[in-house]
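*Asks:* Just to be clear, the model below is a prediction. Sequence and coordinates:
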Amino acid sequence: MAEARTPAQIEADITRRQHELAATLDEIAVRVHPVTIARDTKAKAVSALDRTVGQAYVAANRAVSRARAQFVTEEGKARPARIVPVAVLAVVVLAGAVAAARGRRRSR
C-alpha cells in the first residue's frame, strides 16, 4: 500500500508540476510564434533549394563528363574522328541560321 503524503510533499509536487507546465507552455508559445514559424519555413525552403541545386550540379557534372568522354580520351587527347563531324555539323547549322537571318532581313 502506498504511503500517505504530507501536505508539504503535495505542495512541492504541485509547485514542480506548475513549473513543468509553465516550461511546456513557453515552449509551445515559441513554436507557434510567427517569427519561429517563418524562420523554420525559410530554413526548410533553403534546405530544399540547396538539395535541388546540389542534385542539379551533380547531374550537370555527370552530363559534361559523359560528353567530354565522347571527344577526349582518358589520357586527355582529342578524338578527331568524333570532333570533326560535330564541328562540320555545327558550321552547317550556323551557316543555315545566318542565311535564314539574312533572308528575313531582305524580305522586309
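*Replies:* Here it is on my side, so go on.
*Asks:* list the buried ones in stretch 70-77?
*Replies:* Within stretch 70-77, no residue is scored as buried using 16 or more other Cβ atoms under 10 Å. All C-beta spots, glycine's among them, are computed from the backbone N, C-alpha and C.
*Asks:* okay, it in PDB with CA atoms only?
*Replies:* Coordinates of each C-alpha in stretch 70-77 appear next as PDB, following Å, rounded to 0.1, in the frame of the first residue of the first chain:
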ATOM      1  CA  GLN A  70      33.000  11.300 -76.300                       C
ATOM      2  CA  PHE A  71      35.500  13.800 -77.600                       C
ATOM      3  CA  VAL A  72      38.600  13.300 -75.400                       C
ATOM      4  CA  THR A  73      40.400  10.100 -74.500                       C
ATOM      5  CA  GLU A  74      41.100   9.100 -70.900                       C
ATOM      6  CA  GLU A  75      44.700  10.400 -71.400                       C
ATOM      7  CA  GLY A  76      43.200  13.800 -72.400                       C
ATOM      8  CA  LYS A  77      43.900  13.600 -76.100                       C
END
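*Asks:* my read is Tyr61 is in a helix, agree?
*Replies:* Check again: residue 61 is Asn, not Tyr. Yes - remark: Asn61 belongs to a helix, assigned using DSSP: H, G, I helix; E, B strand; the rest coil.
*Asks:* Could you measure from it over to Ile28?
*Replies:* 45 Å (Cβ to Cβ, to the nearest Å).
*Asks:* same thing with His19?
*Replies:* His19 sits 15 Å away from Ile28, going by Cβ to Cβ.
*Asks:* swap in Tyr57?
*Replies:* Distance of Tyr57 to Ile28, given as Cβ to Cβ: 40 Å.
*Asks:* now Val35
*Replies:* For Val35, the distance to Ile28 - Cβ to Cβ - is 15 Å.
*Asks:* can you check Ala81 too?
*Replies:* For Ala81, the distance to Ile28 - Cβ to Cβ - is 70 Å.
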